[in-house]
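Chemist: no sequence for this one, just the structure:
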């Protein structure tokens, strides 16, 4: 019995230098993957974020909700369409995106944090012009890598143009945990569907956050894809670019790594890609000597 109590005390002592070092710092956490689906993982993430707030850090959550969008579209008789991995977002789909991200997923996260003893307030990128977006016009290789990129109209799909952090800073300073959904607003007032990883990276950059943490469904980045034995603990930007070119970083991991690079280049101190399937992965990464996942570094 006493040994167990001493062990708990040792855990707190191990965390002390990290708590002291990170006190008052801002962490942007991209919340997604299985951590959003599994009830126990969901609870663990919310408790981790609440703990971060109570020990003096300023966590900010950014989330997407692709699977939930697909589910509602199918229920409404509308088949999701993708081109080169990008969701085609017509006017009707954009309404569904907002219903899911702003009206459902965001409010569920806020409710859970409040339920477990924190204070959260939900925001979309449209609130206070938090995320100003521009329509995505980039060319997309629709041939799976075997042809020339073509200009494809994805509809109301946007890229982050600017970020106005006033609302997020105000809420954090008043003791709240901001929860941001990845919907942006254009200069014309139109709503845009934006990749949540990109929003997290841009927000971390604008806030000059101390950390950007991406919760994913893998252990991190591997030197040899799908070989857990080749997990890279620290990945330099130059090497990350090369791995993307070589196809070792592909699919949904590309926007995560690109968001980390953008944040680092803007002055964010550390970026991390960690396995959100591990219980209390945030605390393990932030407050222990070991750390987990892959750290993308300058």
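Modeler: Thanks, I have it. Bear in mind that the values here come from a model prediction, so they are computed numbers and not experimental data. Residues are numbered from 1 along each chain as shown.
Chemist: and residue 224, what element?
Modeler: Using DSSP states H and E, residue 224 maps to neither a helix nor a strand.
Chemist: look up phi and psi at the nearest residue to it once chain neighbours are set aside.
Modeler: Counting by Cβ to Cβ, 6 or more residues apart in numbering, the nearest residue to residue 224 once its immediate chain neighbours are dropped is residue 230, at 4.5 Å. Backbone N, C-alpha and C define where each C-beta goes, glycine included. Residue 230 adopts backbone torsions of phi -110, psi 30, taken as degrees, to the nearest 10.
Chemist: residue ranges with poor pLDDT in the stretch 151-298 of the chain?
Modeler: Along the stretch 151-298 of the chain, the parts satisfying pLDDT under 70 run over 291.
Chemist: just the helices in it please.
Modeler: Counting by DSSP state H, counting those that start in this stretch, one finds helices in the stretch 151-298 of the chain at the ranges 166-173, 196-207, 237-246, 253-265, 281-287.
Chemist: tell me which of those sits most buried.
Modeler: Highest mean neighbour count of these: helix 196-207, a mean of 27 (counted as mean count of other Cβ atoms under 10 Å).
Chemist: residue 175: how many residues sit nearby?
Modeler: Using other Cβ atoms under 10 Å, residue 175 is surrounded by 11 other residues.
Chemist: do you know how far the closest residue to it other than its chain neighbours is from residue 270?
Modeler: Of all residues not flanking residue 175 in the chain, residue 119 sits nearest, at 5.9 Å (Cβ to Cβ, 6+ apart). Per Cβ to Cβ, to the nearest Å, residue 119 is found 26 Å from residue 270.
Chemist: show me which of these two is the more surrounded one.
Modeler: Between residue 119 and residue 270, residue 270 has the larger neighbour count (other Cβ under 10 Å), namely 19 against 14.
Chemist: in contact with the closest residue to the more buried one other than its chain neighbours, which residues?
Modeler: Leaving aside its sequence neighbours, residue 270 sits nearest to residue 211 (Cβ to Cβ, 6+ apart; 5.0 Å). Applying Cβ atoms under 8 Å, 6 or more residues apart in numbering to residue 211 gives the contacts 25, 27-28, 204, 268-272, 286.
Chemist: give me the beta-bridge partners of residue 211?
Modeler: Taking DSSP bridges as the rule, residue 211 bridges to residue 27, residue 270.
Chemist: swap in residue 297?
Modeler: Beta-bridge pairing for residue 297 (DSSP bridges): residue 236.
Chemist: any chance of the helices of the stretch 151-298 of the chain in a markdown table, plus distance to residue 135?
Modeler: Formatted as a markdown table, the helices of the stretch 151-298 of the chain follow (distance: least, Cβ to Cβ, whole Å):
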| stretch | distance to residue 135 |
| --- | --- |
| helix 166-173 | 24 |
| helix 196-207 | 14 |
| helix 237-246 | 24 |
| helix 253-265 | 18 |
| helix 281-287 | 34 |
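Chemist: so which of those comes closest to residue 159?
Modeler: Residue 159 sits nearest to helix 196-207 of all the helices of the stretch 151-298 of the chain, at 6.9 Å, using Cβ to Cβ.
Chemist: now the closest one against helix 253-265, angle please.
Modeler: Helix 196-207 and helix 253-265 meet at an angle of 0 degrees, taking axes from the mean of the first three to the mean of the last three Cα atoms, to 10 degrees as the criterion.
Chemist: other SSEs contacting helix 196-207?
Modeler: strand 26-31, strand 58-63, strand 131-135, strand 158-163, helix 166-173, strand 211-216, helix 253-265 (3 or more Cβ pairs under 8 Å, 6 or more residues apart in numbering; DSSP states H and E).
Chemist: follow-up on the earlier one: what about the residue nearest to residue 270, distance to residue 163?
Modeler: Per Cβ to Cβ, residue 211 is found 17 Å from residue 163.
Chemist: same deal with residue 93?
Modeler: 24 Å.
Chemist: contacts only, for the residue nearest to residue 224.
Modeler: Taking Cβ under 8 Å, 6+ apart, we find residue 230 in contact with 222-224.
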